[in-house]
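Peer 1: Sequence and computational prediction follow.
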Amino acid sequence: MLSLLHPDVRSHIEDLARQFSTAQPFRHVAIEQFLDPQFCQELITQFPPFEAGDARNERGELAGKSVIGDIARLGSAYGRFDRLMRDGEFLSMIGRITGIPSLLYDEEYVGGGTHENRDGQELDSHVDFNFHPRLGWHRRLNLIVFLNPQWEEAWGGCLELLREPSADSDDTRRVVAPLANRAVIFETTESSWHGFRVIRTPPGRGISRKSLAVYFYGHDRPAAEIAPSHGTYYYQRPLPGHIQAGYTLREEDVAEIRKLFARRDDHIRFLYEREQEFAVLMEGINKWRAFRLARALTWPARALKKAAGK
């Protein structure tokens, strides 16, 4: 399966490992040519139409981001990509590059798969959920492969890796344009902040931001890096700095303020719903614990009763 990778990846593992270990603002590596070029072109050709993915918001309306997690059903090229991701030699190679051994492939592609973002979309800086929601594995790495034959940094949508969510200087962030066959592998920790700024593609050309995301896990991780289980943490972008007392708002300023307030309200609603789900989960856990405690406390009496009945 490693033949699906670009030859330079297989022949420069030590160099990629050095880049990964010394990278700032946190451990990562950007690989210019990740896949065999012909194979990458097949993935681009077979990329699913926007409408085929999960692209509707909570009101059932077609929104600006489409996701498909079950990539193996998308065509022969995506079936081969899926087999590459689970291949033992490939996982071992990624382990050598990152210094993280015994990586685990997620056949469910939780949160991953094909991602397509249309004009106007952005992704607030965030750190990812830290445990697989069903299997309980530690999330260790993100792999993102971009599938855009053309892209200019002026269009936005570039992946930004940040030392802290509000970082804005060049020495505290790494910017990677999402050009086809460029891949980024980065460590998932409690401080691996990342996202992208609003996409503004040329009108009438049908250009969107396409990528393929895979997340790798492990049965454990260094004790100093372990945190309580949590979902994805987002940093809500603040108002632009030019909006100050005495400034006369333009039409685009008003639109920006409305968008930021709407996103804030959506995030508050999301947190509220997640808190409700967590409360229901904890209620079930507490009932189970109470049941176990009651059984433990009444065990002597039950044992005597059983013995008396013999």
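Peer 2: Perfect, I can see it now.
Peer 1: those helices in the protein, which residues are they?
Peer 2: Under the criterion DSSP state H, the chain carries helices at the ranges 7-11, 13-22, 37-45, 76-86, 88-98, 251-308.
Peer 1: Please spell out which residues along the third one are buried.
Peer 2: Going by neighbour count (16 or more other CB atoms under 10 Å), the buried part of helix 37-45 is F39, C40, Q41, E42, L43. For every residue, glycine as well, the C-beta is placed using N, CA and C.
Peer 1: Grab the nearest non-local neighbour of the first one.
Peer 2: With sequence-adjacent residues excluded and distances taken as CB to CB, 6 or more residues apart in numbering, F39 is closest to L4, at 5.2 Å.
Peer 1: dump the residue contacts of that neighbour.
Peer 2: L35, D36, F39, R80, F81, L84 (CB atoms under 8 Å, 6 or more residues apart in numbering).
Peer 1: Just the terminal-to-terminal distance for stretch 118-137.
Peer 2: 32 Å (CA to CA, to the nearest Å).
Peer 1: Pull out the buried positions in it.
Peer 2: 118-119, 121-132, 137.
Peer 1: just these now: which is nearest T172?
Peer 2: Among those, S125 lies closest to T172 (CB to CB), at 11.6 Å.
Peer 1: Contacts for stretch 160-177, please.
Peer 2: By CB under 8 Å, 6+ apart, stretch 160-177 touches 23-26, 28, 30, 125-126, 151-153, 158-159, 182, 184, 186, 191-197, 235, 238.
Peer 1: Among the residues you listed, which ones are in strands?
Peer 2: H28, A30, S125, H126, L159, V184, F186, W193, H194, G195, F196 (DSSP state E).
Peer 1: Now distance to R205 and pLDDT too, for the contacts of L4, in a markdown table please.
Peer 2: Shown next, in a markdown table, are the contacts of L4 (distance: CB to CB, whole Å; pLDDT from 0 to 100):
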| residue | distance to R205 | pLDDT |
| --- | --- | --- |
| L35 | 25 | 98 |
| D36 | 28 | 97 |
| F39 | 26 | 98 |
| R80 | 30 | 97 |
| F81 | 27 | 98 |
| L84 | 31 | 97 |
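Peer 1: Specify which member of these is nearest to I243.
Peer 2: L35 (43.5 Å).
Peer 1: residues in contact with E225?
Peer 2: T189, E190.
Peer 1: Just the pLDDT at it, thanks.
Peer 2: Here the pLDDT value assigned to E225 is 92.
Peer 1: how near is it to E42?
Peer 2: 37 Å (CB to CB, to the nearest Å).
Peer 1: ok, the closest residue to L123 other than its chain neighbours - how many residues close by?
Peer 2: Leaving aside its sequence neighbours, L123 sits nearest to G195 (CB to CB, 6+ apart; 4.3 Å). Counted with other CB atoms under 10 Å, the neighbours of G195 add up to 17.
Peer 1: right, and G195 touches S125 too?
Peer 2: Yes: counting by CB atoms under 8 Å, S125 is a contact partner of G195 at 4.2 Å.
Peer 1: could you point out where the stretch 151-300 of the chain is predicted with low confidence?
Peer 2: Low-confidence segments of the stretch 151-300 of the chain, defined by pLDDT under 70, span residues 167-170, 278, 281-282, 284-300.
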